[in-house]
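Asker: based on what follows, work out the 3D shape:
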Amino acid sequence: MTPHPSTSRAVPSQVGPAPRASAVCSAPRSSALVRDQPDEANGRKRGRLGPGWFAAVMGSGIVAVAAATLPRSFPGLGEAATVVWAGTALLLIVLAVSYTGQRALRVHAGDPVLAQFFGAPPMALLTVGAGTLLLGRRLIGERAAVDADWVLWSAGTVLGLATACTVPYLMVARHRFTPDAAFGGWLLPVVPPLVSAAAGALLIPRAPAGQVRLALLLCCYSMLGLGLVAVLLVLAMVYSRLVHHDAPGGAVVPTMWIGVGALDQAVTALGTLATASPSALPAPYARGSGVVALLGGLGIWGFALLWLVLATALTVREIRRGLPFAATWWSFIFPLGACVTGTSALAARTGSQLFVWIAVVLYALLVAAWAVVAWHSLRHAVRQRERARR
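Answerer: Okay, here's the model as predicted:
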């Protein structure tokens, strides 16, 4: 039987020297995501720390940010969220220094699996920046918080756009993939523009009035479109892989949750941009952005709920089999946090108590999941340090 052309990716023959390319990459193995020890790749050390560990900053940061956006206030929640934000900012500094110090950027970019996780560092910057504006001003003051957020948002946005363009190019031009290679991690490079759109909306009212403010708003909407369309394309590939091949297993399974986070981040961005629009757009367009945030947000939120059910079912199945710890466990946290911020945005726009209490329940689950993953991460770090001393 002749295979259908859609079931394989043929690499066409070429005239002249073939371009440098990585080996064909099949479905990512759990071991590739668990590996922490130094490895050799093309004569260079792979490095002990991969870019995926910046998801710990994303996850911890979203716990703080989600608390600030929650439609219900609870005693001590703001203070606790501020402490989490401060710890997250410190963690970002430690990881940034450690990662750049090992000089493994080029090796990681050449790895078809690890390259996908370059989306985590820019989102870590953006999340800490949003937390600085929402919570950090209690400690460092309004002016310093705004300035710090501008710096973090600008750096995260530039890195995020570079990742969203560069990693897909590497996938097309350098890396090679089998039909079963798609996994949730493919979403990471294209999600940062969505986070930039949502976080940038917080800065719009603080930008100079007039053309600067308008340009910032329009750029944020453009990044929302860029990220959302790219996410939908990748989700289609991931779903096709799920129905045509064996379901992912091991440490790959948590990456399925990234789809939930990407969709709910779009809902959050629609809500925050609609809130900021009256300060930059004429009244009719500002009202229109509110309508889009409500109707579009509800539709995307419903789709995110479907993906949440699918990701939960696959996760429960894998937990029963034995789910190994890896950096990908942080893929549970940021998506849950995005569910909270997206649901909170809909609660604020509709006034629905249903969305209010869904947001509260999701936040409780977020804190519980964050505590579990943080504990396992700390234990893992201690074991790695002890192993390195031997």
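Asker: quick one, helices of the stretch 251-390 of the chain?
Answerer: For the stretch 251-390 of the chain, applying DSSP state H, counting those that start in this stretch gives helices covering 258-276, 283-321, 333-350, 353-389.
Asker: need those in CSV with mean neighbour count, can you?
Answerer: C-beta coordinates here come from the backbone N, C-alpha and C atoms, glycine included. Shown next, in CSV, are the helices of the stretch 251-390 of the chain (neighbours: other CB atoms under 10 Å):
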stretch, mean neighbour count
helix 258-276, 28
helix 283-321, 16
helix 333-350, 27
helix 353-389, 15
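Asker: quick one: closest of those helices to residue 123.
Answerer: Of all the helices of the stretch 251-390 of the chain, helix 333-350 sits nearest to residue 123, with 7.5 Å by CB to CB.
Asker: avg pLDDT for that closest one?
Answerer: The average of the pLDDT scores along helix 333-350 is 97.
Asker: first-to-last residue distance for stretch 196-216?
Answerer: 11 Å (CA to CA, to the nearest Å).
Asker: neighbouring contacts of that stretch?
Answerer: If you take CB atoms under 8 Å, 6 or more residues apart in numbering as the criterion, stretch 196-216 is touched by 126-127, 129-130, 133-134, 146, 149-150, 153, 156-157, 160-161, 217, 219-221, 223-224, 227, 265, 268-269, 272-273, 275-276, 279-281, 341.
Asker: so which bits of that stretch are buried?
Answerer: Using 16 or more other CB atoms under 10 Å as the test for burial, stretch 196-216 gives 196, 197, 198, 199, 200, 201, 202, 203, 204, 207, 213, 216.
Asker: closest one to residue 83 among the helices of the stretch 251-390 of the chain?
Answerer: Comparing the helices of the stretch 251-390 of the chain against residue 83 with CB to CB, the closest turns out to be helix 353-389 (13.0 Å).
Asker: and that closest one with helix 283-321, angle?
Answerer: Taking axes from the mean of the first three to the mean of the last three CA atoms, to 10 degrees, one finds that helix 353-389 is oriented at 50 degrees with respect to helix 283-321.
Asker: take the helices of the stretch 251-390 of the chain and write them to TSV, including distance to residue 184.
Answerer: Shown next, in TSV, are the helices of the stretch 251-390 of the chain (distance: least, CB to CB, whole Å):
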stretch	distance to residue 184
helix 258-276	4
helix 283-321	8
helix 333-350	10
helix 353-389	16
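Asker: and those: which comes nearest residue 82?
Answerer: helix 353-389 (14.8 Å).
Asker: list the contacts of residue 189.
Answerer: Residue 189 neighbours (CB under 8 Å, 6+ apart): 115, 116, 118, 119, 163, 164, 166, 167, 168.
Asker: over to the last one: give its phi and psi.
Answerer: Spelled out, it's residue 168. Dihedral pair for residue 168: phi -60, psi -40, per degrees, to the nearest 10.
Asker: report how many residues lie close to it.
Answerer: Residue 168 has 16 neighbours, counted by other CB atoms under 10 Å.
Asker: tell me where the protein has strands.
Answerer: In the chain, the segments counted as strands under DSSP state E are 24-25, 40-41, 44-45, 176-177.
Asker: rank those strands by mean pLDDT and give me the bottom one.
Answerer: strand 40-41 - the lowest mean pLDDT of those, at a mean of 46.
Asker: for stretch 293-301, output the C-alpha coordinates as PDB.
Answerer: As requested, the backbone C-alpha atoms of stretch 293-301 are provided in PDB (Å, rounded to 0.1, in the frame of the first residue of the first chain):
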ATOM      1  CA  ALA A 293     -13.100  41.100  24.400                       C
ATOM      2  CA  LEU A 294     -16.400  39.700  25.700                       C
ATOM      3  CA  LEU A 295     -17.600  37.700  22.700                       C
ATOM      4  CA  GLY A 296     -14.200  36.600  21.400                       C
ATOM      5  CA  GLY A 297     -13.000  35.900  24.900                       C
ATOM      6  CA  LEU A 298     -15.900  33.700  25.700                       C
ATOM      7  CA  GLY A 299     -15.400  31.700  22.500                       C
ATOM      8  CA  ILE A 300     -11.700  31.200  23.100                       C
ATOM      9  CA  TRP A 301     -12.300  30.400  26.800                       C
END
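Asker: give me the residues contacting it.
Answerer: By CB under 8 Å, 6+ apart, stretch 293-301 touches 228, 263-264, 266-267, 270-271, 273-274, 342-343, 345-346, 349-350.
Asker: distance from the chain centre to it, please.
Answerer: 20 Å (CA atoms, centre = their mean, to the nearest Å).
Asker: report the rounded mean pLDDT for it.
Answerer: 97.
Asker: swap in stretch 83-90?
Answerer: 97.
Asker: could you give me the buried positions within that stretch?
Answerer: Those would be 84, 85, 86, 88, 89, for stretch 83-90 by 16+ other CB under 10 Å.
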